[in-house]
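# Compute the structure for the input listed below.
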Amino acid sequence: MSDNKPWSREEFEANLREKGRGYHIYHPLHVLMYEGKLSQKQMQCWVANRYYYQIAIPIKDAAILSNCWDRELRRGWIQRIFDHDGSGHINEGGEGGIEAWIQLGAAVGLTREEVTSLKLVSPAAKFAVDAYINFCRQRPWQEAVCSSLTELFAPHIHQQRIESWPDKYPWVKPEGMQYFKNRLTQARRDVKQGLDITLDYFGKSREMQERALEILQFKLDVLWALADAIMLQCCDVKIEGGTQYVRQDQV
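Prediction:
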């Protein structure tokens with residue numbers, strides 16, 4: 001007979017963090033990016049497609065707020081919308097993550113119109129992102145908060161880009177890196193908030209804890225599907241020597 005007692009808070013958090021083995025940092029698109037094997041055109045394609053995800057972030061956060069009756073939670077969570085839409089303060093990334101991503105587009109050679117028109121976004125990328133927005137609109141706010149916990153794994157990929165791109169992609173203008181620099185601090189703050197809520201709410205029973213793992217897996221699948229869509233559109237990739245890139249959670 002299986003032990004259905006809830007995991008301890010520490011065990012629950014460890015199981016959530018273990019899900020990072022399926023983070024899209026291991027997707028072949030991001031492996032190729034880290035190795036410096038993407039062309040400028042492919043990098044432009046990635047930036048243009050990921051912009052659709054960037055503009056969706058404050059939309060999903062607004063959906064969480066619209067479903068939440070907890071005033072104190074709303075007072076903290078609303079900062080995420082300011083982080084991406086901008087708060088009016090130019091210093092320290094105050095123009096917001098969306099504007100910073102547009103500047104990343106300029107840094108890789110795209111015009112503002114090419115990025116913001118969404119003309120370069122693939123239908124499959126839109127489908128994946130829309131699935132995430134709809135989840136956050138339709139599910140209880142606690143589940144939507146839990147789905148945000150892919151941020152647990154985000155600082156690593158941001159740091160990786162900050163450190164590797166100047167060497168691998170020296171043609172990318174330095175000012176384009178501001179988005180990743182801003183998120184190093186913002187993501188860690190967001191993680192604490194989302195993790196505390198998840199551990200408190202879902203930690204009441206093993207069934208609820210396992211539900212939290214399912215939700216986090218859903219979000220990981222969304223990010224993986226988004227990377228699949230972008231790679232299909234942007235890359236003519238030949239895997240040499242029978243090499244297979246697989247998610248670490250499937251090894």
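# Any stretches of this structure with poor pLDDT?
For the chain, applying pLDDT under 70 flags the ranges 1-2, 88-94, 236-251.
# okay but H24 is in contact with A225, surely?
No: under the criterion of Cβ atoms under 8 Å, H24 is not in contact with A225, lying 9.3 Å apart. Every residue, glycine included, has its C-beta placed from N, CA and C.
# out of those two, which sits in the more crowded spot?
Regarding H24 and A225, a neighbour count based on other Cβ atoms under 10 Å identifies H24 as having more, with 22 against 19.
# Which residues are in contact with the more buried one?
When contacts are counted by Cβ atoms under 8 Å, 6 or more residues apart in numbering, H24 touches 30, 157, 220, 223-224, 226-227.
# roughly how far apart are the residue nearest to it when sequence neighbours are not counted and K126?
Counting by Cβ to Cβ, 6 or more residues apart in numbering, the nearest residue to H24 once its immediate chain neighbours are dropped is L223, at 4.4 Å. Distance of L223 to K126, given as Cβ to Cβ, to the nearest Å: 14 Å.
# One more: Y201?
According to Cβ to Cβ, Y201 and K126 sit 31 Å apart.
# Then Y132?
Distance from Y132 to K126, counting by Cβ to Cβ: 11 Å.
# More neighbours: which of these two?
Remark: of Y132 and K126, Y132 carries more neighbours, 24 against 17, as counted by other Cβ under 10 Å.
# from memory the more buried one sits against T150, does it?
No: the criterion here is Cβ under 8 Å, and Y132 misses it with T150 at 10.1 Å.
# Going by neighbour count, list what's buried in the helix or strand harbouring E143.
Assigned by DSSP states H and E, E143 belongs to helix 141-147. Under the neighbour-count criterion of 16 or more other Cβ atoms under 10 Å, helix 141-147 has 141-147 buried.
# I'd like the distance between L29 and N49.
Noted for L29: a distance of 10 Å to N49, by Cβ to Cβ.
# what sits in contact with each of those two?
Shared contacts of L29 and N49 (Cβ under 8 Å, 6+ apart): 230, 234.
# how about the helices in the stretch 151-251 of the chain?
All helices of the stretch 151-251 of the chain, identified by DSSP state H, counting those that start in this stretch, fall at 154-168, 178-202, 206-234.
# Distance from the chain centre to the second one, please.
Right, helix 178-202. 11 Å (Cα atoms, centre = their mean, to the nearest Å).
# can I get the helices of the stretch 151-251 of the chain in CSV with distance to I55?
Shown next, in CSV, are the helices of the stretch 151-251 of the chain (distance: least, Cβ to Cβ, whole Å):
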stretch, distance to I55
helix 154-168, 17
helix 178-202, 13
helix 206-234, 13
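# D83: which of these is closest?
Closest to D83 of those, according to Cβ to Cβ: helix 178-202, at 5.3 Å.
# name the helices or strands packed onto that closest one?
helix 9-18, helix 71-77, helix 79-85, helix 97-107, helix 141-147, helix 154-168, helix 206-234 (3 or more Cβ pairs under 8 Å, 6 or more residues apart in numbering; DSSP states H and E).
# hang on, isn't G36 packed against D167?
Yes: the criterion here is Cβ under 8 Å, and G36 meets it with D167 at 7.4 Å.
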